[in-house]
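Novice: could you look at this predicted model? Sequence included:
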Amino acid sequence: MDRFVEKFLSYLEIEKNYSPHTILNYKLDLNEFTKQLGSTSVKDVAYLHLRKYLAELRNKQHKPRTLARKLSAIRSFYRFLHREGHIKANPALLMVTPKLDKTLPKFLSEKEMAQLIESPLLKDISGKRDRAIMETLYSAGLRVSELVGLNIENVDLISNMVKVMGKGKKERLVPIGDQAVAAIKDYVDSRKQQRSALFLNKNGTRLSARAVRDIIHKHILKTSVKMNVSPHVLRHSFATHLLDRGADLRSVQELLGHVNLSTTQIYTHVTTDRLKTIYDKAHPRA
């Protein structure tokens with residue numbers, strides 16, 4: 001079984017261009033599954049084996065989203081095995097993913113966003129870096145993984161554009177605002193270590209995604225704008241504020257680097273105030 005899992009993971013990396021983080025999750029989920037199967041051969045796995053495994057997952061009281069991810073890994077694995085001719089029939093065809101409730105993304109108001117971004121003090125290099133990080137995340141709507149992967153040459157400070165390596169190793173160009181450009185320039189000009197990585201830690205090496213999360217969390221606690229929000233809230237706020245101010249969904253899709261428009265549609269929750277304004281203007285008997 002391990003041999004087939006390795007083939008599948010190589011397929012995800014080489015042909016599907018999945019990120020290392022996604023591949024690691026697939027590997028962990030499939031290793032858990034194969035461990036449960038024991039000595040059962042990949043060709044001997046039947047639908048009943050999968051039902052039994054699903055029942056055990058439910059007994060462990062996994063959250064529906066975690067359960068759905070694990071089932072997705074198994075379905076993708078067996079779809080690959082069947083397509084490649086390693087098995088005659090796909091036992092995972094009848095597996096049903098639990099229905100997930102759609103949760104609206106958390107976002108900050110424009111006032112809260114400004115308060116958070118302006119919270120770092122600019123008297124030292126770490127404050128300038130933190131300001132540049134938050135300006136960039138919010139101005140370009142980047143994922144944290146995209147931010148930490150940026151090099152100085154990826155940021156065009158003249159034309160206000162950033163070249164981003166997104167999910168699936170897909171590059172995209174994203175506009176960036178004047179305030180973010182100014183913050184990046186101030187930070188880069190002030191630091192002693194002139195490295196290729198855009199954002200550095202105190203040791204002069206590339207900042208990690210975990211470090212960025214800690215930085216954001218520190219400033220969230222300082223400003224008390226909202227508790228229990230992740231760095232992704234800056235990306236959510238970016239999309240929400242664009243839509244609130246009249247941007248069309250497809251443009252926001254391009255800016256976020258979403259492959260499917262359905263992924264972007266979660267941001268059409270737009271604030272209640274805007275919906276009321278539109279209703280009052282448009283409905284003849286409002």
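Specialist: That came in fine, so what should we check first?
Novice: residue 172 falls within a strand, correct?
Specialist: Yes - using DSSP: H, G, I helix; E, B strand; the rest coil, the assignment for residue 172 is a strand.
Novice: okay, now it: neighbour count?
Specialist: Neighbour count of residue 172, defined by other Cβ atoms under 10 Å: 14. (Glycine included, C-beta is placed from N, CA and C.)
Novice: that one against residue 161, yeah?
Specialist: No - judged on Cβ atoms under 8 Å, residue 172 makes no contact with residue 161 at a distance of 10.4 Å.
Novice: strands along the chain, start to end?
Specialist: For the chain, applying DSSP state E gives strands covering 155-156, 161-165, 171-175.
Novice: figure out how far the shortest one is from the centre of its chain.
Specialist: Looking back up the chat, that one is strand 155-156. For strand 155-156, the separation from the chain centroid amounts to 22 Å (computed by Cα atoms, centre = their mean, to the nearest Å).
Novice: can you list the strands that that strand pairs with?
Specialist: strand 161-165 (antiparallel) (DSSP bridges).
Novice: what does the partner strand rub up against?
Specialist: Contact partners of strand 161-165, identified using Cβ atoms under 8 Å, 6 or more residues apart in numbering, comprise 136, 140, 142, 146, 149-150, 154-156, 171-176, 257.
Novice: quick one: low-confidence parts of the stretch 101-250 of the chain?
Specialist: Confidence mapping of the stretch 101-250 of the chain against pLDDT under 70 gives the ranges 101-104, 224-228.
Novice: again, 90 this time
Specialist: 101-110, 165-171, 191-195, 209, 217-218, 220-233, 236, 240, 243-250 (pLDDT under 90).
Novice: so where do the helices sit in it?
Specialist: For the stretch 101-250 of the chain, helices defined by DSSP state H, counting those that start in this stretch occupy the ranges 110-117, 125-140, 144-148, 178-190, 209-223, 232-244, 249-256.
Novice: sounds good, over and out.
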